[in-house]
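>>> Kindly generate the corresponding structure for this input.
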Amino acid sequence: MNRRVFRFSTRLKNSGVSEARQHIIYGVTNDSRRTSETDALIRSVCRSVGGDDADGLYKFLTDDRVDHNYIYINYGIRPNNLFEMKRNFYKSFMERLRL
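As a prediction, this is how the structure comes out:
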């Protein structure tokens, strides 16, 4: 599998998440050296915005080797739903970090 790289999202920007904040959140969620407290926060936000689909959202956000197709095949989350959850995650995570 190819690794995903950070891509600025205009949709997220239109939702109030600047490019700088998107980059910070992407970096935090994809950092393999993140602390257990940070990981717990990521999981908590995934649960609050993803509900039953929290595991798939967590995998998508924290593993840069997977893409939306992998998530659809393995977790059954449609791409539109996944990207909506991602948008909600970024907004909620940003608020919790007070960025």
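
>>> packing partners for the helix or strand of the chain with the lowest mean pLDDT?
Ranking every helix and strand in the chain by mean pLDDT, DSSP states H and E puts helix 10-14 at the bottom, with a mean of 71. When contacts are defined as 3 or more CB pairs under 8 Å, 6 or more residues apart in numbering; DSSP states H and E, helix 10-14 sits against helix 19-29, helix 79-97. Using the backbone N, CA and C atoms, a C-beta is placed for each residue, glycine as well.

>>> need the contact list for the most centrally placed residue in the chain.
In the chain, the residue lying closest to the centroid (CA atoms, centre = their mean) is Leu61, at 3.6 Å. With contact set as CB atoms under 8 Å, 6 or more residues apart in numbering, Leu61 has these partners: 29-30, 42, 46, 86, 89.

>>> Could I get the helices and strands packed on helix 10-14 in JSON lines, plus columns for mean neighbour count and mean pLDDT?
Compiled in JSON lines, the helices and strands packed on helix 10-14 are given as follows (neighbours: other CB atoms under 10 Å; pLDDT from 0 to 100):
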{"stretch": "helix 19-29", "mean neighbour count": "16", "mean pLDDT": "80"}
{"stretch": "helix 79-97", "mean neighbour count": "17", "mean pLDDT": "91"}
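
>>> Distance to Asp67 for those helices - can I get that in JSON lines?
Listed next are those as JSON lines, based on distance: least, CB to CB, whole Å:
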{"stretch": "helix 19-29", "distance to Asp67": "14"}
{"stretch": "helix 79-97", "distance to Asp67": "9"}
